[in-house]
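Enquirer: 3D, please:
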Amino acid sequence: MIVNTKLIGVMLILGPILTMGVWMVYSVDTSGMSPSDSLNALIAESSKAETSSVLNVFGVMFMFTGLHLLARSLKSDNAVSNACAEIGGLFLVLLVPIWVLMMASDVSALDATEKFGTDTGIQILAASKIFQMGGILLVVGLFLLGISLILLKKYKRIIGTLFVVTSLIAFIDMAFSPDIEIIGFIGWMGMFFTTLVTGILTTIQKDS
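Expert: Numbering: from 1, shown residues only. Alright, predicted model coming up:
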């Protein structure tokens with residue numbers, strides 16, 4: 001399958017902007033809240049919650065599909081690189097339905113609350129927490145993609161190294177839950193920022 005690299009680049013640019021960008025500047029912050037408190041916060045700013053949720057859904061679709069297509073484009077004579085790219089790309093594309101469900105849970109909870117009451121909305125938010133475990137697929141997928149990029153000497157190995165380092169930091173944050181918040185920030189924001197930079201570089205490069 002041949003995909004225009006500029007299309008991949010645009011997807012990798014739009015993805016982080018519509019996910020982390022929207023989350024940072026236009027979203028309802030429910031981090032650390034219980035499901036009931038989260039629902040109350042969402043109800044208080046329902047319009048903002050619904051808009052940001054829809055944008056997030058498109059963001060994860062663009063980002064993870066773009067990363068999957070990037071991995072698919074890394075075919076070479078290097079068997080190790082091919083294996084890393086194929087497995088990493090598979091993990092990343094599996095994230096699309098998982099994170100779409102997680103990002104859409106706010107809208108679903110608000111809709112269910114309006115139709116069936118707050119208890120149903122709280123249950124939806126509580127159940128959606130399980131989708132956060134999809135983060136392990138992101139960490140492993142980007143780690144393997146980074147290894148493939150390093151082996152192929154793509155982007156002078158800088159992008160691959162950043163994917164490997166930031167995914168390892170994010171894994172430490174997930175596995176050990178350190179009290180130092182900056183660790184998680186560097187890991188997760190680093191992966192999204194590296195994806196954005198990859199999109200820019202992929203967009204401006206010439207198709208082979």
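Enquirer: Okay, now the unreliable bits of the protein?
Expert: Across the chain, residues meeting the criterion (pLDDT under 70) sit at 1-3, 177-179, 206-208.
Enquirer: would you list every one of the helices in it?
Expert: Per DSSP state H, the chain carries helices over the ranges 5-16, 22-25, 35-44, 46-72, 79-103, 105-116, 118-128, 135-151, 158-176, 181-204.
Enquirer: Compile those helices into CSV and extend it with columns for mean neighbour count.
Expert: Heads up, the C-betas are built off the backbone N, CA and C, glycines and all. As requested, those are arranged in CSV below (neighbours: other Cβ atoms under 10 Å):
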stretch, mean neighbour count
helix 5-16, 21
helix 22-25, 14
helix 35-44, 18
helix 46-72, 21
helix 79-103, 19
helix 105-116, 18
helix 118-128, 18
helix 135-151, 23
helix 158-176, 19
helix 181-204, 18
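Enquirer: Would you quantify the distance from the closest residue to Leu196 other than its chain neighbours to Glu114?
Expert: In space, and not counting its chain neighbours, Leu196 is closest to Pro16: 4.3 Å by Cβ to Cβ, 6 or more residues apart in numbering. Relative to Glu114, Pro16 is positioned 31 Å away (Cβ to Cβ, to the nearest Å).
Enquirer: May I have the residues that are in contact with the residue nearest the centre of the chain?
Expert: In the chain, the C-alpha closest to the average C-alpha coordinate belongs to Val60, at a distance of 5.7 Å (Cα atoms, centre = their mean). If you count contacts by Cβ atoms under 8 Å, 6 or more residues apart in numbering, Val60 has them with Gly15, Thr19, Leu95, Val96, Trp99, Val100, Met103.
Enquirer: just Gly32 next, same as before
Expert: Here Gly32 is in contact with no residue (Cβ under 8 Å, 6+ apart).
Enquirer: Now the phi/psi pair for it, please.
Expert: Note on Gly32: its backbone torsions stand at phi 80, psi 0 [degrees, to the nearest 10].
Enquirer: how close does it sit to Ile182?
Expert: From Gly32 across to Ile182, the span is 16 Å (Cβ to Cβ).
Enquirer: Likewise for Glu114?
Expert: 39 Å.
Enquirer: surely Thr30 meets Ile43?
Expert: No - the pair Thr30 and Ile43 does not pass the contact test of Cβ atoms under 8 Å, sitting 11.2 Å apart.
Enquirer: shouldn't Ala49 be in contact with Asp106?
Expert: Yes - applying Cβ under 8 Å as the test, Ala49 and Asp106 come out as touching, 5.1 Å apart.
Enquirer: list the residues that contact both of the two?
Expert: Val28, Leu42.
Enquirer: CA atoms only for stretch 63-79 - export them in PDB, please.
Expert: Extracted C-alpha coordinates of stretch 63-79, given in PDB (Å, rounded to 0.1, in the frame of the first residue of the first chain):
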ATOM      1  CA  MET A  63      -2.900  10.600  15.000                       C
ATOM      2  CA  PHE A  64      -3.000   6.800  15.500                       C
ATOM      3  CA  THR A  65      -4.000   6.100  11.900                       C
ATOM      4  CA  GLY A  66      -1.200   8.400  10.800                       C
ATOM      5  CA  LEU A  67       1.300   6.600  13.000                       C
ATOM      6  CA  HIS A  68       0.100   3.300  11.700                       C
ATOM      7  CA  LEU A  69       0.600   4.400   8.100                       C
ATOM      8  CA  LEU A  70       4.000   5.800   9.000                       C
ATOM      9  CA  ALA A  71       5.000   2.400  10.400                       C
ATOM     10  CA  ARG A  72       3.700   0.700   7.200                       C
ATOM     11  CA  SER A  73       5.900   3.000   5.100                       C
ATOM     12  CA  LEU A  74       9.100   1.800   6.800                       C
ATOM     13  CA  LYS A  75       9.500  -1.300   4.700                       C
ATOM     14  CA  SER A  76      13.200  -2.100   4.100                       C
ATOM     15  CA  ASP A  77      15.700  -4.900   3.900                       C
ATOM     16  CA  ASN A  78      16.300  -4.800   7.700                       C
ATOM     17  CA  ALA A  79      14.300  -7.700   9.200                       C
END
